[in-house]
Every structure is written in structure tokens, then in C-alpha cells.
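# Let's see this in three dimensions:
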Amino acid sequence: MRRKVLTVLAETIDEIGKHKRLGGPAYYSSLTLLSLGAEFDALITGSVMRAVLEYSGYAVNTFCDHPTVFRFVSTEPRLLRLLNRCFSNIRGLPSEDYEAALISLTMGEAPLTDLDTVAEHAETLVIDAQGFVRDIGEDGIVFNNKELAARLFQAAADLQERGTTVVIKASHDELPRPRFVEEFIESRGILIVTRGSGSVTLSTKLGCWLTSPPRVIGDPTGAGDVMLAALTAYLASGHDIRHSLLRGVAAGSIRLAKKEPPWILWSEIESLARRLRLVGCDCIGDSSYV
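Okay, the predicted model is just below:
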């Protein structure tokens with residue numbers, strides 16, 4: 001198996017007032033891997049980043065031609081209205097196998113059942129919960145649905161039972177009820193929980209740890225995508241989850257301090273990661289820690 005990453009990423013357009021901004025994992029995660037010089041193949045939605053990656057010599061395909069479009073209703077608190085959503089089964093997967101795969105969507109652009117399809121190509125599957133737990137109300141406002149979160153964690157536990165190592169990254173408000181979290185961790189799944197600029201928790205069947213990112217003032221947009229891209233690249237290179245998490249957190253923090261585009265170097269990540277520490281938690285799977 002090649003030490004290479006497969007990415008399945010959604011491209012978004014954010015409407016903020018009269019302005020439109022390109023974003024989403026297809027933008028931030030792809031540029032992170034590109035700037036690091038990581039080996040990866042990409043499946044994405046939209047067309048902008050496909051052109052960028054093809055021009056840079058990367059193998060890329062699209063499984064949906066248009067981006068998902070959100071309108072910012074407010075930034076504090078962050079409220080989004082869905083204007084247009086890409087939705088399609090994941091197709092065009094390369095025939096080769098990968099050390100790790102990252103699937104990072106924004107609004108259910110692919111069905112949950114397609115996790116099985118991607119998992120067939122990778123030893124480790126990294127999932128951003130965001131893309132599978134969001135729902136919309138009658139007014140089009142986006143919210144996190146605990147029932148959808150429960151289905152995601154159940155599907156991930158099933159993949160674990162079939163031999164795929166699954167890493168889920170979720171914000172604290174994207175988690176299902178505690179029993180689904182506990183069942184996922186009991187299946188030997190790996191859970192990373194973020195709290196904005198606060199602590200990051202890593203929970204596994206073997207233990208629970210937390211780290212506090214450095215305080216950096218800057219634009220947080222895309223920091224989670226940058227974190228997951230760097231973490232996945234480290235996992236694909238053979239590092240364990242604790243080592244990879246600290247490097248991912250460091251990369252996300254570096255994103256806060258950088259203007260667009262978020263170019264990041266391995267040396268920058270390693271330098272900042274040396275300042276971070278993982279501290280043990282008292283218990284595993286307890287909602288007070290995850």
C-alpha cells in the first residue's frame with residue numbers, strides 16, 4: 001500500500017453580504033496538502049479547485065459539478081442559510097489503495113452509505129462529522145441534527161468492526177447522545193472533539209487526552225479543514241494518532257495567523273507542535289471530556 005492520501009472534499013461558496021468567498025474543505029484541505037507537497041489524489045465537488053489541482057499536476061476528479069452555497073445570516077452567533085447543495089453518490093474513485101483517506105463534506109453532499117465505498121480503498125478513514133450531521137429547518141437555516149450524528153457514529157462503528165480504522169473529528173455541538181459515542185469508542189474508533197479556540201480532546205479505547213491550542217488571533221475560517229488535512233498526511237506517513245493530532249492542531253493554529261491562501265510548511269508545523277502537550281483525561285467516552 002502506498003503512503004498516499006485519498007481525499008473526498010466539498011467545495012463551497014459563502015455569500016457574506018454582497019461578497020462571495022470560495023471555501024470549504026476542497027479549498028482549505030487541498031491547499032494544505034498542496035503546500036506541504038503531500039502525495040494525494042482528490043475527489044471533489046465544484047470546479048474551481050479541480051482546475052487548480054490539475055494545473056499543479058495532481059490526479060483529481062469531481063463527483064458533483066457545482067459547489068454547495070451558503071449565505072451568512074450572522075457571524076456571531078454563526079448562522080448559515082443553505083442556498084444550493086451539491087448531492088451525488090461518490091464516483092470516480094481510483095482503483096488503487098491508500099494508507100489514509102479523508103472525507104470532509106459540508107452539507108451531506110454524498111450519502112452516508114458511501115463511507116463504505118471510500119473505506120474499501122484505505123486502511124484508515126478520517127471523517128469530518130460536519131458533512132453528515134447538518135440539517136436544515138423550514139427557513140433554510142442550518143443546524144446540527146443529533147439523529148444524523150447517531151447514524152454517522154453507528155456507521156463508523158460498523159466500519160471498525162469490519163477492520164477499517166476510523167477517526168471522527170467533531171465539534172462539541174456535533175456529537176450524538178453519549179451512548180453512541182461510547183459504542184463508537186468501544187469499537188476501537190478514534191474521536192477528536194474540538195471546541196473552537198478551546199481545548200481539543202482525543203478519546204480512544206486505550207485512553208483520553210486533551211491539548212490546548214496556542215492563543216492566536218486571526219480568521220478561524222478553514223482552520224478545521226487545515227487541521228484534518230495535516231493530521232491525515234501525518235497518519236499516512238506512519239505516525240500514530242497522538243503525534244498526528246498535535247501536528248494537526250499546530251497546522252490549524254498556523255492557519256489562524258495566515259492570510260489567504262493558507263500555505264503551510266512542515267517546518268512550521270513541527271516548530272509549533274513542540275510547544276503542545278497531550279494531558280491525560282480521567283475517563284474515556286465521558287461526555288464531560290468529549
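# Can you show me the helices along the chain?
For the chain, applying DSSP state H gives helices covering 25-36, 48-55, 114-119, 130-133, 146-161, 178-186, 223-236, 241-257, 266-273.
# Let's have these in CSV, adding distance to T106, mean pLDDT and mean neighbour count.
Where you see a C-beta, it was placed from the backbone N, CA and C, and this is true even at glycine. CSV is the format used below for those (distance: least, Cβ to Cβ, whole Å; pLDDT from 0 to 100; neighbours: other Cβ atoms under 10 Å):
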stretch, distance to T106, mean pLDDT, mean neighbour count
helix 25-36, 7, 94, 26
helix 48-55, 13, 94, 16
helix 114-119, 15, 95, 20
helix 130-133, 6, 97, 24
helix 146-161, 14, 97, 19
helix 178-186, 22, 95, 18
helix 223-236, 10, 95, 28
helix 241-257, 17, 92, 24
helix 266-273, 24, 93, 16
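# wait, which of those helices is closest to A100?
helix 223-236 (4.1 Å; Cβ to Cβ).
# Just want the angle from the closest one to helix 266-273.
Angle, helix 223-236 to helix 266-273, by axes from the mean of the first three to the mean of the last three Cα atoms, to 10 degrees: 100 degrees.
# just the angle between helix 223-236 and helix 25-36, please?
Going by the same axes, to 10 degrees, helix 223-236 makes 50 degrees with helix 25-36.
# on that earlier part again, G207 is nearest to which of the helices of the chain?
Of all those, the one in closest proximity to G207, counting by Cβ to Cβ, is helix 241-257 (9.2 Å).
# re earlier: now render the helices of the chain as CSV, adding distance to R85.
Shown next, in CSV, are the helices of the chain (distance: least, Cβ to Cβ, whole Å):
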stretch, distance to R85
helix 25-36, 14
helix 48-55, 17
helix 114-119, 15
helix 130-133, 11
helix 146-161, 14
helix 178-186, 25
helix 223-236, 18
helix 241-257, 25
helix 266-273, 33
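# How many neighbouring residues does R78 have?
10 (other Cβ atoms under 10 Å).
# tell me, what residue is most central in this structure?
With distances taken as Cα atoms, centre = their mean, the residue of the chain nearest its centroid is D128 (3.5 Å).
# wait, what's in contact with that residue?
Contact partners of D128, counting by Cβ atoms under 8 Å, 6 or more residues apart in numbering, are P25, L102, I103, S104, L105, K169, A170, G224, D225, L228.
# Swap in 7 Å and give it another go.
P25, S104, K169, L228 (Cβ atoms under 7 Å, 6 or more residues apart in numbering).
# cool, and V73?
Contacts of V73 by Cβ under 7 Å, 6+ apart are L79, L80, R81, I141.
# now the second one: how far from D14?
Between L80 and D14 the distance, using Cβ to Cβ, to the nearest Å, works out to 8 Å.
# what sits in contact with each of the two?
Going by Cβ under 7 Å, 6+ apart, residues that sit against L80 and also against D14 are F70, F72.
# higher neighbour count, the two?
Between L80 and D14, counted using other Cβ under 10 Å, the more crowded position is L80 (22 against 18).
# Report the beta-bridge partners for the more buried one.
F72 (DSSP bridges).
# if I look at it, how far off is V8?
21 Å.
# try P214
Where V8 is concerned, P214 sits at a distance of 30 Å (Cβ to Cβ).
# So for those two, which sits in the more crowded spot?
Higher neighbour count among P214 and V8: V8, with 28 against 14, using other Cβ under 10 Å.
# Let me see the contact set for that one.
L43, I90, I103, V118.
# Can you name the residues that contact the last one?
By that I understand V118. V8, I90, A101, I103, L125 are the contacts of V118 under Cβ under 7 Å, 6+ apart.
# And F132, how far from G252?
For F132, the distance to G252 - Cβ to Cβ - is 20 Å.
# Also T201?
The value you get for T201 to G252, if Cβ to Cβ is used, is 14 Å.
# and if you look at V167?
Counting by Cβ to Cβ - V167 and G252 are separated by 15 Å.
# ok, L105 - how many residues close by?
Neighbours around L105, by other Cβ under 10 Å: 26.
# returning to what we had before: could you dump the contacts of D128 into JSON lines and include distance to L278?
As requested, those are arranged in JSON lines below (distance: Cβ to Cβ, whole Å):
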{"residue": "P25", "distance to L278": "25"}
{"residue": "S104", "distance to L278": "23"}
{"residue": "K169", "distance to L278": "16"}
{"residue": "L228", "distance to L278": "18"}
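# Go through the residues you listed and say which is closest to I241.
K169 (11.4 Å).
# For that closest one, the count of nearby residues, please.
With other Cβ under 10 Å as criterion, K169 counts 24.
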